[in-house]
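Peer 1: Dropping the sequence and predicted coords here.
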Amino acid sequence: MKITIFIIILFPLSKYACSQNADSMFFDNVVNAEIATYYPNGSIKAINHTYNNKKNGQTITFFENGKIKKIICYSMDTLHGWQYEFLWDGCLDTKYYLTKNKKDKLLSTYWCPDGKTETEKEYRNGILFNQKSWDDQGNLSSIVQYDSIGKLIILKEYYKGEEMISEYWNGKKHGKEIIIKNKMDTTVNYYLNGLLIKK
C-alpha cells in the first residue's frame, strides 16, 4: 500500500534545486509519496520524496531548531545532482555536485554568515583536479592543481603580498619552489623528493 502525505513547506527551496538542466536524468516532478518524520519534540526531522518505492528528487533533513540541515538529491535511489549542507543557524556551509554517487563538477564551501566563498574544488568523475581557497575577507589564499589520479602537483599560496609556487611529486615538494615578494623580489629553491637541495 502506498502512502502519500502532502506537506506545505514554508522554505525558499527553489534556489536549492537538484538540477537546473532541462536534459538532466531527474524526475523532479514525478513523486508518488512525500513522507515526513519528526523529532520527539514534534519538530520536523526529514521529508523524503519517493517514486516506485525509490528515493527520487529531494530528501530534506532538519535540525531540531527547525533549520534545514541537508538537502540531498536522488534519482531513483542514486545520489545525483546538487547536494547542500547547512549549519545549525541556517548558513549554507557546503554545496557540491554528484553524478551517480561520485563527486563531479564543483564543490564549494562558504564563510558564515556573509556567504563568501571559502573554497572551490573541481572534480571529474570523482577525482579532484583543481582547488582554490579564499580568506574571510575574500582574498585569494591558494590555488592547488592535481594530476589525473588526484595527486598534488602544483601549489600556489598567497599571503600579505607574498606568492609562493611549489611543485610536488608523490605528495612531496619536488622541483622548483618560487617565492615572489611584492611582485619584484624573487627567490628560487629546488627540492628533490621533499629535500631542499639548492637555494
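Peer 2: Nice, thanks for sending it over.
Peer 1: Point out where the chain drops to low pLDDT.
Peer 2: Residue ranges of the chain with pLDDT under 70: 1-14, 19-32, 199.
Peer 1: And residue 112, how close does it get to residue 129?
Peer 2: 27 Å (CB to CB, to the nearest Å). Placement of C-beta: from N, CA and C, glycine included.
Peer 1: what's the closest non-adjacent residue to the residue positioned nearest the centre of the chain?
Peer 2: Taking CA atoms, centre = their mean, the centroid of the chain lies closest to residue 107, which sits 2.7 Å from it. The shortest distance from residue 107 to any residue other than its chain neighbours is 3.7 Å, reached at residue 96 (CB to CB, 6 or more residues apart in numbering).
Peer 1: what about the one you found, how many neighbours?
Peer 2: 17 (other CB atoms under 10 Å).
Peer 1: ok, it touching residue 82?
Peer 2: Yes. Counting by CB atoms under 8 Å, residue 82 is a contact partner of residue 96 at 7.4 Å.
Peer 1: Can you give me every residue that contacts the residue nearest to the centre of the chain?
Peer 2: Neighbour list for residue 107: 94, 95, 96, 97, 119, 120, 121, 122, 123 [criterion: CB atoms under 8 Å, 6 or more residues apart in numbering].
Peer 1: Neighbour-wise, which one of those leads?
Peer 2: residue 123 leads the contacts of residue 107 on contacts (other CB under 10 Å) with 22 neighbours.
Peer 1: same for the one helix or strand that one maps to, what does it pack against?
Peer 2: Remark: residue 123 resides in strand 117-124, with elements defined by DSSP states H and E. The helices and strands touching strand 117-124, judged by 3 or more CB pairs under 8 Å, 6 or more residues apart in numbering; DSSP states H and E, are strand 102-110, strand 127-134.
Peer 1: how about these, which one is nearest residue 56?
Peer 2: Set against residue 56 and scored by CB to CB, the helices and strands packed on strand 117-124 come closest in strand 102-110, at 18.7 Å.
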